[in-house]
Structures are given as C-alpha cells and as structure tokens.
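> Quick one: sequence plus predicted model below, questions after.
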Amino acid sequence: MAGRDEPARNPLAPPPTTSGKLRGFDLTGRRAIVYGGESTLGRTIAEAFREAGGSVGMTSATTQGDALFALKKAAAGGPVEAVDLGNATNVQVATKKLRKDLGGLDIAVVVPSAYLAQSIRKTSEADLAAVIEGNLTATYNVFRSASRELADKTADGRLLVVLSGLAERGLPNLSAFAAAQAGVLGLVRALSQELGARGVTTNAIVAGWMEDTPGRGPDDVNANVLQRYIPMRRFGQAEDIALLAVYLASAASGYVNGQSVAVDGGAMKHL
C-alpha cells in the first residue's frame, strides 16, 4: 500500500494509442475544412485537428479586413479562402477549391459568427435578415456545399457546427440571435436523417459562456454573478470545444448522429 504522502498509482498500464479501438480518435489522412476560421473557436479547432494528424483548409465567415487577417494567421500556412458564408455561390466555389487543395474532403466544421443583442422592438427587418443569414443561412450553405463534395464517400463523413447556448435557451434582448441559432439545430436533426444512410453524421456542439463571450464580466468568481451560475465556477476555454470537435470528427464517433452536445460546465442543467 502506498504511503500517505505517496501519490496513488494506477495499477493498470494505459493502453497504446497506436493500435486497437483507440486508433479511431486519430485524424491522420482525414481532410477537414473549418468555416469561420478567423474566430477563436475556429482557429483552436483547426489547431486540434492538425495535432490529431488531419489536413485542414479554412475559410472566413465574412470578408471584412480584420477577419481575413485573423484567418491567414490561423491557417498556419494551410489553404485558405476568403468567403462570406451567407453567399451560397462563394461557399460552393471555396469548398470545391479547398477540396481540391486537400485532395478530398471528410470533415466540415462551421462556426457561425453573426451576433445581435437588441430588443425585439428595436430589431429591424435588415437586422433580422443579417442575423439569420450569418447563422442559419451560413450553416445551410456550408452543409449543402460540403455534402456535395462528400458525395463519393460511403462512410465517416462528418458535418459539425459550433453554436451558442442560446440555441437552446432564451435571454432578453437576444431574440433574433437565439431564433437563428435554434434554426440550425433543426437543420442538424434533419440532416442526421437525410445523410445518415451514407455514413455521414451531422452534430452540433453547444458552447456555454466562454472566455471571450461578450459582456461576461470579470474573471474573479467572487466578483462575477454570472460565473457563480456555472457549476464549474469558470468560463469555458476554446480547447474545451476543440477536444470534443476532434472526437466528433473522428471514426470513434461513427454512431453519434443528430446530437447537440453542451460544453458549458453544467450551466444548462443549473439554469
């Protein structure tokens, strides 16, 4: 028996990660496109895919100057395309080009980024259209284009979207954003049925309050009422999302389909 001050040791040696079932988590040989790669989450997911052995191409979510600068940096020398995800033609052309650059396509991940915090009384038709375009339309364009490029695949195709917790919960002054994101969940469920027979899975990661969430307040839990609502007593980090994305993109998740998986420190079970 170990002494009181001696750290406990696992009596079982960990299994090798290069053989057996755990090989399913390896992305070696798999080709991915991350749409919305200029965001913190998009960049971190791309980094995680590369670390897992995958080849990654990236697009922007918008064609604004700041987004393109961040995208180029996040691509780490890999293929990139400047895209407005709300434009179906742009998305289709970029997907075809990146598929050619990568030598194929196995995984498509989209991180929609159109955000609006505004009361319904002050939300104009143009405001609503922009939020829907930047979330629901953008994701639809990505999934439609990617599914066409996955047409010759018979197994292990992956469609994945990263959403806000507001896709499943409501807060004041976020009606347009919440409605647009909730629509994406309906798309995920429908495509899980439509594409599943081809071996293509469609899933969503639902992020809680993250370190870069607008208006989240100070880091000190004693000074932050919002943070006290999170059972883990901290805000989420991009790596928390990226690690799950690797699993959902891998062969290990082949029977996970049509799901929305919350990465929120338990907040949605608390609220």
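Looks like it came in fine.
> Which parts of the stretch 101-250 of the chain are helices?
125-132, 138-149, 175-195, 225-228, 238-249 (DSSP state H, counting those that start in this stretch).
> okay if I get the ones you listed as TSV plus distance to Ala88 and mean neighbour count?
Just so you know, the C-beta spots here come from the backbone N, C-alpha and C atoms, and that holds for glycine as well. Below are these laid out as TSV (distance: least, Cβ to Cβ, whole Å; neighbours: other Cβ atoms under 10 Å):
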stretch	distance to Ala88	mean neighbour count
helix 125-132	14	15
helix 138-149	5	23
helix 175-195	14	19
helix 225-228	37	14
helix 238-249	24	21
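> Least reliable of the ones you listed by average pLDDT, please.
If the helices of the stretch 101-250 of the chain are sorted by mean pLDDT, helix 225-228 sits at the bottom with a mean of 65.
> ok so, going back, please tabulate the helices of the stretch 101-250 of the chain in JSON lines, including the columns distance to Ala70.
As requested, the helices of the stretch 101-250 of the chain are arranged in JSON lines below (distance: least, Cβ to Cβ, whole Å):
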{"stretch": "helix 125-132", "distance to Ala70": "20"}
{"stretch": "helix 138-149", "distance to Ala70": "17"}
{"stretch": "helix 175-195", "distance to Ala70": "21"}
{"stretch": "helix 225-228", "distance to Ala70": "26"}
{"stretch": "helix 238-249", "distance to Ala70": "13"}
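> among the ones you listed, which is nearest Asn90?
Nearest to Asn90 among these is helix 138-149 (8.3 Å), distances taken as Cβ to Cβ.
> Kindly calculate the angle that that closest one makes with helix 175-195.
Compare the direction of helix 138-149 with that of helix 175-195 by axes from the mean of the first three to the mean of the last three Cα atoms, to 10 degrees and you get 20 degrees.
> any idea how far helix 138-149 is from the chain center?
On the basis of Cα atoms, centre = their mean, to the nearest Å, the separation between the geometric centre of helix 138-149 and that of its chain is 14 Å.
> Also stretch 25-42?
What separates the centre of stretch 25-42 from the centre of its chain is 9 Å, taken as Cα atoms, centre = their mean.
> again with stretch 64-78
With Cα atoms, centre = their mean as the basis, the mean position of stretch 64-78 lies at 17 Å from the chain mean.
> Tell me who's in contact with Leu68.
By Cβ atoms under 8 Å, 6 or more residues apart in numbering, Leu68 lies in contact with 38, 60, 82.
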